[in-house]
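Student: I'd like to go over a predicted model; first the sequence, then the structure.
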Amino acid sequence: MKANLLNAVSVATCLGLSSLGATMAGGVWRAPSPEFETEDARSSAKSDLAVLTDARGRQVDASTYQRIVSLNTVADHILLALVEPERLVGVTQYTVETNPLGYRFGQATTLAQSKDVEAVLALRPDLVVISKFAGEDYMARLRERGVAVFDLGEMRGVVDTVGDIEVLGQLLKEPARAERLRNDYLRNLSALESAVSDRDRPRGIYLSVLGDSLFGGTVGSSYADLLHYGGIRDLAAERGFEGWPRYSPEQLLALDPPVIVTGLGRRKAICRHALLGRLSACGKEGRVVEMPNKNHSDPGLGLVHAAQDLQLQVHGIKPQLSHEIKRNEDAKTGE
């Protein structure tokens, strides 16, 4: 709720869904609100578990791990918020080099190849957090050296991110920090959702051009969350598409979205296409919105910033998120 979704390999990396805390309305996955959560759910989230089961059914002891390596781009940011910086000794190179907040990882070693066992072991980790694409033989080699390995599984956006925050909080014995991060994340999403009324949301789709292929992202993917919290009605979901559909030009012409959200530099490829140039989005009354950075392909915490960028471009508004409120309060205190 892991890497670059703008290539064919990374489209597959985001497949999968946790049912933890999910609600569904109009084809949009939404996070549960902390204000309306039941006491039973709160008690369950705070329970002190000694052993947790990962996405592959492996049991891993909860512990105050001191040397943590993340081979999961979503986990990179969650872990940075849950533990002291010196405990996070390794993160993905992709996050550091492409994410606008990559600078926050400071002195952590970056790992370009998640399959490089020797590079990981050189960091002397006691915990390695992985994704579903790590091979069993790779994990076995780590376990042979006494390293705990935890697979967070697949990501599809908000629902899975909320679940991962809670699971990692339990695994690291940092439930209070996890609860603060979770609630901050949900408050930010609530602020984004309430900033644009239903009547002011234009219909649109997410679209990426990969060579001659046209890929979308809709309900069941993080792009549904991006569109929803960015203030756009997901036209593809309304027409019955799911996940990451591969469109034909004819299907896109039938959808004829007035708004298309895409990656930086993709407008030209879409609107100069022999057939797609006829789309309403490419006309005078339409819009092709190019997202300015890689946050838009982040199914994790970065989705908040991407949705804010989208609202700014489409609606001209920038909701005040909780981290900005805190910064403003700190500034006032210092006056």
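Tutor: Perfect, I can see it now.
Student: use CA for all of it now, contacts and neighbours both
Tutor: Will do.
Student: Mind telling me what element residue 161 is part of?
Tutor: Residue 161 belongs to helix 158-171 when assigned by DSSP states H and E.
Student: List the buried residues in stretch 209-228.
Tutor: When burial is assessed from 16 or more other Cα atoms under 10 Å, stretch 209-228 yields the following buried residues: 209, 214-228.
Student: typed the wrong thing, it's stretch 82-98
Tutor: For stretch 82-98, by 16+ other Cα under 10 Å, it's 82, 83, 87, 88, 89, 90, 91, 92, 93, 94, 95, 96.
Student: before we move on, the earlier item: the buried residues of stretch 209-228 in helices, which ones?
Tutor: Using DSSP state H, 222, 223, 224, 225, 226, 227, 228 are the members of the buried residues of stretch 209-228 that sit in helices.
Student: Apart from its chain neighbours, what residue comes closest to residue 178?
Tutor: Distance criterion Cα to Cα, 6 or more residues apart in numbering; nearest residue to residue 178, sequence neighbours excluded, is residue 169 at 4.9 Å.
Student: Identify the residues contacting the one you found.
Tutor: 82, 175, 176, 177, 178, 179 (Cα atoms under 8 Å, 6 or more residues apart in numbering).
Student: ok, these vs residue 245, which is closest?
Tutor: Closest to residue 245 out of those is residue 178 (33.8 Å), distances taken as Cα to Cα.
Student: on contacts alone, who are the packing partners of the one helix or strand the closest one maps to?
Tutor: According to DSSP H and E, residue 178 maps onto helix 175-195. Packing partners of helix 175-195 (3 or more Cα pairs under 8 Å, 6 or more residues apart in numbering; DSSP states H and E): helix 73-82, helix 158-171, helix 222-229, helix 302-315, helix 322-334.
Student: try 10 Å this time
Tutor: Counting contacts by 3 or more Cα pairs under 10 Å, 6 or more residues apart in numbering; DSSP states H and E, helix 175-195 packs against strand 28-30, helix 39-46, helix 73-82, helix 158-171, helix 222-229, helix 302-315, helix 322-334.
Student: which stretch in those has the least confidence?
Tutor: Comparing mean pLDDT over the helices and strands packed on helix 175-195, the weakest stretch is helix 39-46, at a mean of 42.
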